[in-house]
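1. Build me a model from this:
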Amino acid sequence: MGLKAILNNARFAQVGFVVNDIEATREQFALLFDCEVPPADICGEYEVMQTQVFGQPAPKANCRLAFFDLTPGVQLELIEPNEEPSVWRDSLNEFGEGIHHIAFQIETGTSEKVIEQLVNEFDAVVEQRGIYGDGSGQYIYLSLHKKLKCRIELLESF
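-> Model (predicted):
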(Lines give C-alpha, C1' and ligand atoms only; values in the text may rest on other atoms or scores of the structure.)
Protein backbone atom coordinates (compact mmCIF):
# COMPACT_ATOMS: atom_id res chain seq x y z
CA MET A 1 0.00 0.00 0.00
CA GLY A 2 1.41 3.41 -0.88
CA LEU A 3 1.73 6.43 1.32
CA LYS A 4 -1.23 8.03 -0.48
CA ALA A 5 -3.47 5.09 0.45
CA ILE A 6 -2.23 5.07 4.04
CA LEU A 7 -2.86 8.78 4.50
CA ASN A 8 -6.20 8.35 2.67
CA ASN A 9 -8.07 11.61 3.35
CA ALA A 10 -5.11 13.43 4.88
CA ARG A 11 -4.02 16.70 3.41
CA PHE A 12 -0.57 18.23 3.16
CA ALA A 13 -0.42 20.88 5.88
CA GLN A 14 3.07 22.05 6.68
CA VAL A 15 6.83 22.08 6.25
CA GLY A 16 8.74 22.51 9.50
CA PHE A 17 12.24 23.94 9.89
CA VAL A 18 14.45 23.71 12.98
CA VAL A 19 16.43 26.88 13.63
CA ASN A 20 18.93 28.23 16.14
CA ASP A 21 17.52 31.75 16.25
CA ILE A 22 13.80 32.03 15.63
CA GLU A 23 13.88 35.84 15.91
CA ALA A 24 16.33 36.33 13.04
CA THR A 25 14.91 33.50 10.93
CA ARG A 26 11.31 34.66 11.10
CA GLU A 27 12.39 38.15 10.05
CA GLN A 28 14.17 36.72 7.01
CA PHE A 29 11.18 34.59 5.98
CA ALA A 30 8.89 37.60 6.43
CA LEU A 31 11.11 39.51 4.01
CA LEU A 32 11.05 36.59 1.57
CA PHE A 33 7.25 36.26 1.73
CA ASP A 34 6.70 40.03 1.97
CA CYS A 35 4.48 39.69 5.02
CA GLU A 36 4.23 40.58 8.69
CA VAL A 37 6.63 38.88 11.10
CA PRO A 38 4.53 36.29 12.98
CA PRO A 39 4.78 35.94 16.75
CA ALA A 40 7.13 33.34 18.22
CA ASP A 41 5.50 31.60 21.15
CA ILE A 42 6.46 28.81 23.51
CA CYS A 43 5.07 25.47 22.39
CA GLY A 44 3.15 24.85 25.61
CA GLU A 45 3.34 23.44 29.11
CA TYR A 46 4.08 19.77 29.81
CA GLU A 47 0.94 19.43 31.94
CA VAL A 48 -1.09 19.93 28.74
CA MET A 49 1.33 18.63 26.10
CA GLN A 50 2.41 15.39 27.78
CA THR A 51 5.42 15.25 25.43
CA GLN A 52 6.98 11.84 24.86
CA VAL A 53 10.31 11.22 23.15
CA PHE A 54 10.76 7.63 21.97
CA GLY A 55 7.91 6.59 24.25
CA GLN A 56 9.33 8.18 27.40
CA PRO A 57 7.93 11.26 29.17
CA ALA A 58 9.93 14.38 28.28
CA PRO A 59 8.67 17.10 30.64
CA LYS A 60 11.55 19.48 29.89
CA ALA A 61 11.48 19.22 26.07
CA ASN A 62 10.07 22.41 24.62
CA CYS A 63 10.51 24.91 21.84
CA ARG A 64 9.41 28.25 20.44
CA LEU A 65 7.24 28.19 17.33
CA ALA A 66 6.38 30.68 14.59
CA PHE A 67 3.97 29.98 11.73
CA PHE A 68 3.68 31.51 8.27
CA ASP A 69 0.38 30.84 6.49
CA LEU A 70 1.51 30.26 2.90
CA THR A 71 -1.80 29.32 1.32
CA PRO A 72 -5.08 28.28 2.94
CA GLY A 73 -4.30 25.22 5.05
CA VAL A 74 -0.53 25.18 4.35
CA GLN A 75 2.05 26.59 6.75
CA LEU A 76 5.76 27.04 7.14
CA GLU A 77 6.64 26.30 10.77
CA LEU A 78 9.81 27.53 12.45
CA ILE A 79 10.96 25.58 15.51
CA GLU A 80 13.63 26.76 17.94
CA PRO A 81 14.13 23.92 20.45
CA ASN A 82 15.40 24.36 23.97
CA GLU A 83 18.52 22.41 24.98
CA GLU A 84 16.64 19.39 26.36
CA PRO A 85 16.58 16.09 24.42
CA SER A 86 13.84 16.05 21.78
CA VAL A 87 13.46 15.20 18.12
CA TRP A 88 13.82 18.94 17.42
CA ARG A 89 17.08 19.27 19.38
CA ASP A 90 18.50 16.00 18.01
CA SER A 91 17.83 17.10 14.44
CA LEU A 92 19.36 20.54 14.99
CA ASN A 93 22.44 19.04 16.65
CA GLU A 94 22.94 16.34 14.03
CA PHE A 95 22.02 18.09 10.78
CA GLY A 96 21.97 21.79 11.60
CA GLU A 97 19.28 24.23 10.60
CA GLY A 98 16.86 23.23 7.88
CA ILE A 99 13.85 21.11 7.03
CA HIS A 100 12.74 18.99 9.96
CA HIS A 101 9.47 17.46 8.73
CA ILE A 102 6.57 17.51 6.35
CA ALA A 103 3.18 17.39 8.04
CA PHE A 104 -0.20 15.96 7.14
CA GLN A 105 -3.52 16.79 8.78
CA ILE A 106 -5.28 13.46 9.33
CA GLU A 107 -8.87 12.68 10.20
CA THR A 108 -9.80 12.68 13.88
CA GLY A 109 -9.54 9.24 15.43
CA THR A 110 -7.25 7.74 12.77
CA SER A 111 -3.77 8.29 14.22
CA GLU A 112 -3.18 4.81 15.62
CA LYS A 113 -4.31 3.14 12.37
CA VAL A 114 -2.11 5.46 10.30
CA ILE A 115 0.87 4.85 12.61
CA GLU A 116 0.40 1.07 12.36
CA GLN A 117 0.28 1.23 8.58
CA LEU A 118 3.35 3.45 8.36
CA VAL A 119 5.29 1.13 10.68
CA ASN A 120 4.29 -1.92 8.64
CA GLU A 121 4.82 -0.41 5.18
CA PHE A 122 7.73 2.00 5.70
CA ASP A 123 9.48 0.78 8.88
CA ALA A 124 8.42 4.07 10.48
CA VAL A 125 9.54 4.80 14.02
CA VAL A 126 7.45 6.96 16.35
CA GLU A 127 9.98 9.46 17.63
CA GLN A 128 7.98 12.06 19.52
CA ARG A 129 4.37 12.88 20.22
CA GLY A 130 2.35 15.25 22.33
CA ILE A 131 -0.76 17.35 22.68
CA TYR A 132 -0.97 20.84 21.17
CA GLY A 133 -0.27 23.54 23.73
CA ASP A 134 -3.93 24.61 23.62
CA GLY A 135 -5.16 21.00 24.01
CA SER A 136 -7.04 21.00 20.69
CA GLY A 137 -5.20 18.11 19.05
CA GLN A 138 -2.03 16.08 18.89
CA TYR A 139 1.16 15.85 16.86
CA ILE A 140 3.15 12.71 16.13
CA TYR A 141 6.61 12.66 14.53
CA LEU A 142 7.56 9.51 12.67
CA SER A 143 10.93 8.78 11.13
CA LEU A 144 10.66 7.25 7.68
CA HIS A 145 14.40 7.64 7.15
CA LYS A 146 14.97 3.95 6.38
CA LYS A 147 12.84 4.06 3.24
CA LEU A 148 11.96 7.68 2.42
CA LYS A 149 14.87 9.61 4.01
CA CYS A 150 12.52 11.99 5.80
CA ARG A 151 10.40 12.60 8.88
CA ILE A 152 6.68 13.19 8.73
CA GLU A 153 4.36 14.69 11.28
CA LEU A 154 0.76 13.66 11.73
CA LEU A 155 -1.55 16.41 12.96
CA GLU A 156 -4.85 15.29 14.46
CA SER A 157 -7.50 17.62 15.82
CA PHE A 158 -9.70 16.54 18.73
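
2. can you give me the strands for this structure?
-> With DSSP state E as the criterion, the chain has strands at 11-18, 41-42, 52-53, 56-57, 63-71, 74-81, 98-106, 125-131, 137-143, 151-157.

3. can I get those in TSV with mean pLDDT, distance to R26 and mean neighbour count?
-> Every C-beta, even on glycine, is put in place using the N, C-alpha and C of the backbone. Output for the strands of the chain, formatted as TSV (pLDDT from 0 to 100; distance: least, Cβ to Cβ, whole Å; neighbours: other Cβ atoms under 10 Å):
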stretch	mean pLDDT	distance to R26	mean neighbour count
strand 11-18	96	10	18
strand 41-42	96	11	12
strand 52-53	97	25	19
strand 56-57	97	30	10
strand 63-71	97	5	17
strand 74-81	98	6	20
strand 98-106	97	15	19
strand 125-131	98	22	20
strand 137-143	98	20	20
strand 151-157	97	19	20
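
4. Tabulate those strands (CSV), appending distance to I115.
-> Compiled in CSV, these are given as follows (distance: least, Cβ to Cβ, whole Å):
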stretch, distance to I115
strand 11-18, 17
strand 41-42, 27
strand 52-53, 13
strand 56-57, 17
strand 63-71, 22
strand 74-81, 21
strand 98-106, 10
strand 125-131, 6
strand 137-143, 7
strand 151-157, 7
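
5. closest to F33 out of those strands?
-> Counting by Cβ to Cβ, F33 lies closest to strand 63-71 out of those; the figure is 6.1 Å.

6. Give the partner strands of that closest one in its sheet and their orientations.
-> Paired strands of strand 63-71, with direction, are strand 41-42 (antiparallel), strand 74-81 (antiparallel) (DSSP bridges).
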